[in-house]
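Undergrad: coords below, sequence missing:
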């Protein structure tokens, strides 16, 4: 596994813990289909939450959130409904969240969370 | 606190409007939006601001920053909003304290330095007028901004220095250690002083000298026709030297135009001497009256405001250029309409026209060597339309300097001597005209000439005759009176006599066109 993938996995684990602490129920991780991958799928009081996690080891190449662009968001919205169809589940609504993890490897990872990004 | 508010100024011509800059930080993915009709250069400021803030040590928030420029319907352009937007964005993130009513007028560089902008003087005037006396500018603009009475101006070299002033944490800031050498506008770059143009340089030419003295004393427009080498340009260039210094209000107007028309930070003090504009005869209407894409910029006519606009080879100008001058000659201002809006610039200049007697220039005196056909000559002067010439009070023919005048050792009168007489004549005019709020004879409307300043019938009889024969228009009639009044003022008379009327008529009729 490449270093960047190790970092990504670690970031996703940190993000999942963080969301659980917030009271969300994480029900799926790294779900893949031909049109892409969802990092974390969670449920927040009946709402389906598709979470994109971005992890960086420093801010030298910009803030992790800056890497989430409009095309990526559009894909996540499409994936959310695909995931629901694939699992034959119905929800009162769905949203896309973004979690940025800054993991310098020295201090504890810093987590930032944006709800319902668009 | 996720809202920051600062102030800037949008200029439409010389009229500035106070702009409220609001910045909001939304909990959403990083983005930077500017609302409120920004033009391309203002939209580019997003990238300048992001880099400048980072290099000053306090990066912008990694969230969605929405900047609104109020009033949203007024088109805004240029880079002068950079600092105001940056300060609002950082205030919204809580990095600095509230900047209150401070107005920010500066561009930022990627390296976090503050850059001077054009038009600081009119912008500061507008800010002070709307009750915002605290101004922040780039250091190069400091001297210009401080010219405005009532402005409390701060000049900074860098974004970091400005942030420090407004309460940013010093340990976070990256203050530039030594500011890189910038061209010094005080010393090295200023051109060597040109030798002053003095009336004493003109040999002989008694009549043109008298005409230019009258022009200076009464602020009359002047047209000179004569062969090449007769000294028309020499005489015209010496007119500004005869004019008195501009008073505070006029100096402020003239400096404001030059602040907008010139390079950024080119004004350091008030323009006290009347400006002299000498455009080339290939100039377009936009170059003379103002124009350009977006919000129109002032042209030569406005840059000559409160000074002299000299059109050498006047018949070589395009006819529409010459006719475009008729409006400012009457109203003293120019309104230029473009898609984004209309800009009004003052343009109260003294017009000096010079022309050759014909296209080849040899038709003076006997005109023996002239190669022009009659038709060519007619067409040449046809460009100078009647309505334009009708507004020119003084029209005279300049002859070649005679050998006797040229070789004489007798010195002509110097500019200083003539300027003293001009100043006295101006004082006499002010005293007579102040009750109507006027200061020079050229401004006096016909109604006052015909009522309060009415001359006895015996004095104006030759003029009345000319009017009856229809050799002079009603406007021409008034203009002869104005010139006669100026002559009387120069000679220390209480009012013009028959001599002044006749001489004034002479100085109007010598140039026969077509």
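TA: Sure thing, it's come through. Everything numeric here is computed off the predicted structure, so don't read it as measured data.
Undergrad: tell me who's in contact with the residue of chain A found nearest chain B.
TA: Relative to chain B, the nearest point of chain A is residue A:63 (3.6 Å; Cβ to the nearest Cβ). Every C-beta, even on glycine, is put in place using the N, C-alpha and C of the backbone. Taking Cβ atoms under 8 Å, 6 or more residues apart in numbering or on different chains, we find residue A:63 in contact with A:56, A:100, B:30, B:62.
Undergrad: next: residue B:136.
TA: By Cβ under 8 Å, 6+ apart, residue B:136 lies in contact with B:83, B:102, B:103, B:104, B:105, B:106, B:153, B:154, B:155, B:156, B:162.
Undergrad: residue B:465 sits in which helix or strand?
TA: Assessed by DSSP states H and E, residue B:465 sits inside helix B:457-468.
Undergrad: ok, and what's touching that helix?
TA: The contact list for helix B:457-468, computed with Cβ under 8 Å, 6+ apart, reads B:472, B:474, B:477, B:480, B:481, B:496, B:497, B:498, B:501, B:502, B:505.
Undergrad: considering those residues, which possesses the most neighbours?
TA: Counting neighbours by other Cβ atoms under 10 Å in any protein chain shown, residue B:480 leads these with 28 neighbours.
Undergrad: so which elements touch the one helix or strand it maps to?
TA: Element membership of residue B:480 [criterion: DSSP H and E] is helix B:474-490. The helices and strands touching helix B:474-490, judged by 3 or more Cβ pairs under 8 Å, 6 or more residues apart in numbering or on different chains; DSSP states H and E, are helix B:206-218, helix B:386-390, helix B:415-433, helix B:446-450, helix B:457-468, helix B:498-509.
Undergrad: buried residues in the third one?
TA: So that's helix B:415-433. Neighbour-count burial for helix B:415-433, counted by 16 or more other Cβ atoms under 10 Å in any protein chain shown, picks out B:415, B:418, B:419, B:421, B:422, B:423, B:425, B:426, B:428, B:429, B:432, B:433.
Undergrad: circling back to that earlier point, which one of the contacts of residue A:63 is nearest to residue B:485?
TA: Distance to residue B:485 across the contacts of residue A:63 (Cβ to Cβ) is lowest for residue B:30, with 70.9 Å.
Undergrad: which residues touch the closest one?
TA: So residue B:30 contacts A:63, A:65, A:66, B:62, B:63, B:64 (Cβ under 8 Å, 6+ apart).
Undergrad: what number of residues lie near the residue in the stretch 51-200 of chain B that chain A sits nearest to?
TA: Using Cβ to the nearest Cβ, residue B:62 is the residue of the stretch 51-200 of chain B that sits closest to chain A, at 3.6 Å. Other residues near residue B:62 come to 18 when the count uses other Cβ under 10 Å.
Undergrad: now swap in residue B:172 and tell me
TA: Residue B:172, neighbours per other Cβ under 10 Å, totals 14.
Undergrad: show me where chain A has helices.
TA: A:3-22, A:70-86 (DSSP state H).
Undergrad: what would those helices look like in TSV with mean neighbour count, distance to chain B and mean pLDDT?
TA: Formatted as TSV, the helices of chain A follow (neighbours: other Cβ atoms under 10 Å in any protein chain shown; distance: least, Cβ to the nearest Cβ, whole Å; pLDDT from 0 to 100):
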stretch	mean neighbour count	distance to chain B	mean pLDDT
helix A:3-22	16	15	91
helix A:70-86	15	8	91
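Undergrad: in the stretch 1-150 of chain B, where is pLDDT below threshold?
TA: B:1 (pLDDT under 70).
Undergrad: how about the residues of it near chain A?
TA: Those residues of the stretch 1-150 of chain B that sit near chain A, judged by Cβ under 8 Å from any Cβ of the partner chain, are B:27, B:28, B:29, B:30, B:62, B:63.
Undergrad: okay, now the unreliable bits of the stretch 251-400 of chain B?
TA: In the stretch 251-400 of chain B, residues with pLDDT under 70: B:364-367.
Undergrad: isn't residue B:472 right next to residue B:480, touching?
TA: Yes. Residue B:472 is in contact with residue B:480 according to Cβ atoms under 8 Å; the separation is 7.2 Å.
Undergrad: just the strands in the stretch 51-200 of chain B please.
TA: Secondary structure of the stretch 51-200 of chain B (DSSP state E, counting those that start in this stretch): strands at B:64-70, B:103-105, B:107-108, B:114-115, B:134-138, B:152-156.
Undergrad: check contacts around the closest residue to residue B:39 other than its chain neighbours.
TA: Counting by Cβ to Cβ, 6 or more residues apart in numbering or on different chains, residue B:39 lies nearest to residue B:77, which is 3.9 Å off, once chain neighbours are set aside. Residues near residue B:77 by Cβ under 8 Å, 6+ apart: B:10, B:38, B:39, B:41, B:42, B:294, B:295, B:340.
Undergrad: now swap in residue B:488 and tell me
TA: Residue B:488 makes contacts with B:494, B:495, B:496, B:497, B:500, as judged by Cβ under 8 Å, 6+ apart.
Undergrad: repeat that with 6 Å
TA: For residue B:488, the contact set (Cβ atoms under 6 Å, 6 or more residues apart in numbering or on different chains) comprises B:495, B:496, B:500.
Undergrad: just put these in a markdown table and tack on distance to chain A and pLDDT.
TA: Shown next, in a markdown table, are the contacts of residue B:488 (distance: Cβ to the nearest Cβ, whole Å; pLDDT from 0 to 100):
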| residue | distance to chain A | pLDDT |
| --- | --- | --- |
| B:495 | 80 | 89 |
| B:496 | 79 | 92 |
| B:500 | 79 | 91 |
